[in-house]
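Peer 1: here's a sequence, model it:
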Amino acid sequence: EDGDENAEQDDGAADDDKNEQQAAEESKDDTNANNDNEHQQDQSNENPEDGQQQGDNEQHQQQQEDGADEDEVEEEEEDYDDDDPELQMEGPKGHPDFRVFLSAEPSGAIPIGILQRSIKLTNEPPQGLKANLIRAFNNFGDEPWENSSKQQEFKSILFALCFFHAVVVERKKFGAQGWNRSYPFNPGDLTTCVDVLANYLEDRPKIPWDDLRYVFGEIMYGGHITDDWDRVLCRGYLAYLITPDVLEGNDLCPNFAAPPPLSFKDYFTYIEDNCPPESPVSYGLHPNAEINFRTVQGDTLFRIINELQSSSGSGGGGSSSSEKVRQSLDEIMGSLPEEFNLQEVAERLEDDRTPGQHVFYQECERLNLLLARMKKSLTDLDLGLKGALSMSPAMQSLFDEIFLDKVPDSWADVGYMSIRPLGSWFQNLLERNQQLMDFTGELQLPKVVYISFFFNPNSFLTSVMQTTAMQYNYDLDQMTLVTEVTKKWPDQVDAPAREGAHVFGLFMEGGRWDMAASTIEESRMKELYPKMPVMTIKSLPITKVDHKDQYACPVYKTQERGPGFVCTLHLKTKANPRKWIIGGVGLLLDVVE
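Peer 2: Predicted structure coming up:
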């Protein structure tokens, strides 16, 4: 047994010698390799047990290194698990599957259930002219005020520019009378304009007022604007604010003059002490504008409450909602007019029908399409309520819309633009039908055309230009409309117009028409939409028309303005037309008070 043990020990020592020789050859330089190998071989032969012990030491050292690595990993994991006092948190820890989604933009793809359980953070802009003006100045510091070589010019124009920014941002609260569309004006527009102002003042010996107004109104702020009339409004503000008068301390708005050059902190004191109370007058609007937008806010609030109550209740299945819809259904179907016999009307019309007759015929076609859609959908819903047909999604949607007194979407798709509730909308439909029935009776245009009753009022105005162009052999693309406001109401008109057409049915918002002075004047208090008297619309070549002392008044189909733009009518004015531009004066074909 001792011999076997010695033999095994010799074999182990021999193996260790080979391993040590390979390690030594890799670690030594080429010049000392031979000497080191001989010395190491002699030492191994003299004491083979030392070689085995060295191998064991190397293996033990490797195990210690592996253990140290595992300890480091465990320490990192423990540090991640809040072992570090700086990372420790009180309370329950988050679930490993927890995820957070941050978004700064509205999204319709997020389920409503997630939104209801989420935390909502909002950064609302300040309300009021003073708060917006202070916020505009907070975008700057002391440095820009002292770097300019033209201190008075720079400070005066910058103050006017900050006032302009505050006005255009806050004006949107007045709805369509403020801006036809909503625009994302932001502090970046203001700071960029100030940089441009500083460069222009340093590079030019004189202040380039026209260039500044163009850059501010057409590029910086105008880059957001998509509506042509909103662009006119922006230019109107700048034409009043960015002028040499601002250097003389003119009034930026009633009871608020431009301050003299002050220090940065003194401007805040000036705003706090001198900025007038919040009023539409500060924006160039009539005080009635506040009545209008407050009314819209109230209507919106109660409409939402009504919709929430109906959706949380029986959902169209209760007896009370069914009775209400049944009553409305019977009233509409009982009063629904018959469709026009278009073939008969076409045969009665002459082959060389006038442009006006052609427009009325097209209106009959459009009304027939709407009546057919209404009759079919109401008949199907009536059968569904009786149980003869199963309620389809379209029928259920019609049921809900009638219950909420809303014009059904399926009708609005083929109907005319309107923001009326269903009951008022149907009465207006009957009035439109009556005008077309009067036309089909005699096939002659009425003495006074209710232009607000047309599906497409632009087509009738174009027919006026076509008639004049054909009569006098003018080019149609060189014609324009001319407006004469009479002092009569429809029942006082005895005969049709010799040229053009008498029209009625327009309302003015933001101002009123003074029949005695034949000019635009400011509105009376609490008179939001005064009626316009009968207007005679003619057409003349552009070269023969002079629009001096006239206000280019936009005409819209509804109070929502923007999408329903019709045309421009020029009305006489004694005041500067810019006053009515900033005042948001416009003509509407249909209003809901």
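Peer 1: helices and strands of the protein: which one bottoms out on pLDDT?
Peer 2: helix 33-46 (a mean of 43; mean pLDDT, DSSP states H and E).
Peer 1: the stretch 401-550 of the chain: strands as residue ranges?
Peer 2: 448-450, 479-485, 501-504, 507-509, 512-514, 519-521, 535-541, 550-556 (DSSP state E, counting those that start in this stretch).
Peer 1: residues contacting whichever helix or strand comes after the last one, please?
Peer 2: Translated: strand 550-556. The C-terminal neighbour of strand 550-556 among helices and strands, as given by DSSP states H and E, is strand 565-572. The contact list for strand 565-572, computed with CB atoms under 8 Å, 6 or more residues apart in numbering, reads 229, 457-458, 461, 481-483, 485, 513, 518-520, 535, 537, 547, 549-557, 587, 589. For the C-beta atoms, the positions are set from N, CA and C on the backbone; glycine is no exception.
Peer 1: flag every buried residue along the host helix or strand of residue 156.
Peer 2: Under the criterion of DSSP H and E, residue 156 resides in helix 151-170. Buried residues in helix 151-170, counting neighbours by 16 or more other CB atoms under 10 Å, are found at 153-170.
Peer 1: got it, and stretch 565-580?
Peer 2: Buried-residue list, stretch 565-580, by 16+ other CB under 10 Å: 565-573, 577-580.
Peer 1: wait, which of these is closest to residue 509?
Peer 2: residue 580 (11.0 Å; CB to CB).
Peer 1: residues in contact with that closest one?
Peer 2: By CB under 8 Å, 6+ apart, the neighbours of residue 580 are 510, 511, 520, 551, 553, 573.
Peer 1: now do it, the pLDDT please.
Peer 2: Looking at residue 580, its pLDDT is 96.
Peer 1: what does residue 14 give?
Peer 2: So, for residue 14, pLDDT stands at 44.
Peer 1: same thing with residue 286?
Peer 2: 94.
Peer 1: and the nearest residue to it once chain neighbours are set aside, how many neighbours does it have?
Peer 2: Nearest-residue entry for residue 286: residue 523, 5.0 Å, with adjacent residues in sequence omitted and distances by CB to CB, 6 or more residues apart in numbering. For residue 523, the count of nearby residues is 20 (other CB atoms under 10 Å).
Peer 1: can you check residue 249 too?
Peer 2: 12.
Peer 1: next helix or strand past the host helix or strand of residue 344?
Peer 2: Assigned by DSSP H and E, residue 344 belongs to helix 342-348. Scanning forward in sequence from helix 342-348 by DSSP H and E, the next helix or strand is helix 355-386.
Peer 1: please state the offset of that next one from the chain centre?
Peer 2: Computed by CA atoms, centre = their mean, to the nearest Å, the chain-centroid distance of helix 355-386 equals 33 Å.
Peer 1: any buried residues in it, and which?
Peer 2: Neighbour count says helix 355-386 has 355-357, 359-361, 363-364, 366-368, 370-371, 373-374, 377-378, 380-382, 384-385 buried, by 16+ other CB under 10 Å.
Peer 1: just the terminal-to-terminal distance for stretch 511-530.
Peer 2: Stretch 511-530 has an end-to-end distance of 8 Å (CA to CA, to the nearest Å).
Peer 1: which residue ranges form the helices in the stretch 401-550 of the chain?
Peer 2: 409-412, 422-442, 457-472 (DSSP state H, counting those that start in this stretch).
Peer 1: most tightly packed of these?
Peer 2: Mean neighbours per residue, mean count of other CB atoms under 10 Å, is largest over the helices of the stretch 401-550 of the chain for helix 457-472, with a mean of 18.
Peer 1: which other residues reach that helix?
Peer 2: 354-356, 358-359, 362, 449, 451, 454, 474-476, 479-481, 499-501, 537-540, 557, 566-567, 589.
Peer 1: relative to residue 278, how far out is residue 420?
Peer 2: 31 Å (CB to CB, to the nearest Å).
Peer 1: comparing the two, which residue is more hemmed in?
Peer 2: residue 420 (18 against 15).
Peer 1: how about the contacts made by that one?
Peer 2: 407, 428, 590, 592.
Peer 1: the third one against residue 558, yeah?
Peer 2: Just to be clear, that refers to residue 590. Yes: judged on CB atoms under 8 Å, residue 590 makes contact with residue 558 at a distance of 5.4 Å.
Peer 1: quickly list what's touching both of the two.
Peer 2: By CB under 8 Å, 6+ apart, the residues touching both residue 590 and residue 558 are 417, 418, 419.
Peer 1: from the contacts of helix 457-472, list the buried ones, please.
Peer 2: Buried among the contacts of helix 457-472 (16+ other CB under 10 Å): 354-356, 359, 449, 451, 454, 474, 479-481, 500-501, 537-540, 557, 566-567, 589.
Peer 1: returning to that earlier point: out of residue 590 and residue 558, which sits in the busier spot?
Peer 2: Each of residue 590 and residue 558 has its neighbours counted (other CB under 10 Å); residue 590 has more, 22 against 19.
Peer 1: ok, the more buried one - contacts?
Peer 2: Taking CB under 8 Å, 6+ apart, one finds 417, 418, 419, 420, 428, 452, 557, 558 in contact with residue 590.
Peer 1: re the thing from before, among the contacts of residue 420, which one lies nearest to residue 344?
Peer 2: residue 428 (26.0 Å).
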